[in-house]
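Colleague: Sequence and computational prediction follow.
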Amino acid sequence: MHTTASLKKMKASKDQIVMLTAYDAPSAKLSEEAEVDVILVGDSVGMVVLGYDSTVPVTLEDMLHHAKACRRGAKDTFIVTDMPFMTYHSSISETMANARRIMQETGSNAVKLEGNGIVIDHTRALVQAGVPVVSHLGLTPQTVGVTGGYKVQAKKEEDKEQLLTDAKAIEEAGACMLVLECVPEGIAKQVAEAIDIPVIGIGAGRQVDGQVLVYHDLIGYYSGHVAKFVKQYASVNDSIRDAIKSYTKDVKHHDFPEEKHVFEPDEKVTLYGGS
Ligand code: KIV
Ligand code: NA
């Protein structure tokens, strides 16, 4: 399993870091089998799994539930878990208490926090307490209510300067990685060059230290609108829908169950994983 040190070393040796979100045991297990470097239990769970239309409704309890399942599915992969909306702003002590639950109850290896300002102070406090922190800048979905939508960030000169200042500040505060979402490629490159911690891009172009995608976007599993920065490597929607249609048809036509699916009274069989 990676450590914050081995991930930092990957940046130094120009070895791209592969991050992918996961939300449950099977998605985490398949990600581990496919050898991703880092699993992110993203609060995108709210949109791609729980049916909300933003990440704002996601609670700490939701994140704990999903992160525990991911850890059970992927015991040997570095797991980062998102701190959800407004669980790391009010005070250092509340931030600490919430991060402690994520670290201790789920076995995650790090937490991720969106934003700058007070969040950078809280990042410093967490790191001092021994909690590895991943920062998230650029488009920060938890604040879309304030920022006014899902748009490409840091296009204006002053916003670019602010982003560079923030990136240096989060490194100085002790963050171990930076997720950079939806910024022009040239600016993301400047950010990656300005700091020594790995910059993991999503919609941040090719000149960063690694990439992250949302699991459901990558496999084409119901994710609604597909953003420009997504590459869909499969379309499991179609396979799943076809499978369910076949099942429905079989049941309606008495083609399932078949003889091989039925039990006889004297039969000894193993069901599920048990005995
Ligand atoms: O919640 C999430 O999936 C994320 C990634 C998009 C970086 O934060
Ligand atoms: Na997130």
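Modeller: Perfect, thanks for sending it. Ligands and ions are numbered 1, 2, ... in the order given.
Colleague: residues of the helix or strand of the chain with the lowest mean pLDDT that come out buried?
Modeller: Lowest on mean pLDDT, DSSP states H and E among the helices and strands of the chain sits helix 144-147, with a mean of 91. Neighbour counts over helix 144-147 (16 or more other CB atoms under 10 Å) mark no residue as buried. Any C-beta I mention is one placed from the backbone N, CA and C, and that applies to glycine too.
Colleague: Kindly provide the distance from N109 to ligand 2.
Modeller: 16 Å (CB to the ion, to the nearest Å).
Colleague: no, scratch that, I was asking about L40
Modeller: Going from L40 to ligand 2 by CB to the ion gives 7 Å.
Colleague: Isn't that residue up against L213?
Modeller: No. If you go by CB atoms under 8 Å, L40 and L213 don't touch, sitting 9.6 Å apart.
Colleague: who's more crowded, the two?
Modeller: Taking other CB atoms under 10 Å, L40 and L213 do not tie; L40 has more neighbours (31 against 21).
Colleague: how many neighbours does D62 have?
Modeller: Around D62 there are 18 residues (other CB under 10 Å).
Colleague: Report the contact partners of the residue in the stretch 151-275 of the chain that ligand 2 sits nearest to.
Modeller: Nearest residue of the stretch 151-275 of the chain to ligand 2 (CB to the ion) works out as V179 at 8.0 Å. Shown in contact with V179 (CB atoms under 8 Å, 6 or more residues apart in numbering): M19, L40, K112, V134, S135, H136, L137, V199, I200, G201, I202, V212.
Colleague: Just confirm it is within a strand.
Modeller: Yes. Looking at V179 with DSSP: H, G, I helix; E, B strand; the rest coil, it is inside a strand.
Colleague: So in terms of bridging, what pairs with it?
Modeller: Beta-bridge partners recorded for V179 (DSSP bridges): H136, I200.
Colleague: Please name the nearest non-neighbouring residue to the closest residue to ligand 1 within the chain.
Modeller: Nearest to ligand 1 in the chain, going by CB to the nearest ligand atom, is G42, at a distance of 2.3 Å. Leaving aside its sequence neighbours, G42 sits nearest to T21 (CB to CB, 6 or more residues apart in numbering; 4.2 Å).
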